[in-house]
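Peer 1: Pasting the sequence and the predicted coordinates here, then a few questions.
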Amino acid sequence: MVKYSEEFKINMVNEYLKGPLGYKLLAKKYDIPNKSQVERWVRTYKEFGEVGLRRKVTKQAYSVHFNAMYYTL
């Protein structure tokens, strides 16, 4: 389960960039436990754009055939 959606993160970053509220007040406004999360989203957005705020796929499934080829090399 994803705690914060991509859309929520983008809206949060945009509100920070366009508005008068800082990290701490935005975190408080949206009940985010730590302002560092908002800081991380803003930093990631500035470096990578919206793509950086997308959820990353961490597990890659490989077929048995692929694994057999890998171990015979």
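Peer 2: Looks like it came in fine. Numbers count the residues shown, from 1 in each chain.

Peer 1: what residues are up against the residue nearest the centre of the chain?
Peer 2: For the chain, the residue sitting closest to the mean C-alpha position, by C-alpha atoms, centre = their mean, is L53 at 3.7 Å. Shown in contact with L53 (C-beta atoms under 8 Å, 6 or more residues apart in numbering): E6, K9, I10, V13, W41, T44, Y45. To be clear about C-beta, it is placed using only N, CA and C from the backbone, and glycine gets the same treatment.

Peer 1: what is the rounded mean pLDDT of stretch 22-42?
Peer 2: Averaged across stretch 22-42, pLDDT comes to 94.

Peer 1: what about Y16, helix or strand, and which?
Peer 2: Counting by DSSP states H and E, the element that carries Y16 is helix 6-18.

Peer 1: which secondary structure elements does that helix contact?
Peer 2: Identification of packing neighbours for helix 6-18 by 3 or more C-beta pairs under 8 Å, 6 or more residues apart in numbering; DSSP states H and E yields helix 23-29, helix 35-48.

Peer 1: Quick one, which of the contacts of L53 are buried?
Peer 2: Burial by neighbour count, 16 or more other C-beta atoms under 10 Å: within the contacts of L53 this picks out K9, I10, V13, W41, T44, Y45.

Peer 1: Confirm for me that the fifth one is in contact with E50.
Peer 2: What that stands for is T44. No - at 9.8 Å, T44 and E50 do not qualify as touching, with contact defined as C-beta atoms under 8 Å.

Peer 1: Count the residues that sit near G52.
Peer 2: If you count neighbours by other C-beta atoms under 10 Å, G52 ends up with 15.

Peer 1: For G19, grab phi and psi.
Peer 2: phi -110, psi 180 (degrees, to the nearest 10).

Peer 1: Relative to K56, how far out is it?
Peer 2: The gap separating G19 from K56 is 28 Å, by C-beta to C-beta, to the nearest Å.

Peer 1: Which one's more surrounded, the two?
Peer 2: Taking other C-beta under 10 Å, G19 and K56 do not tie; G19 has more neighbours (10 against 5).

Peer 1: Report pLDDT for the more buried one.
Peer 2: 90.

Peer 1: Right, I'll leave it there.
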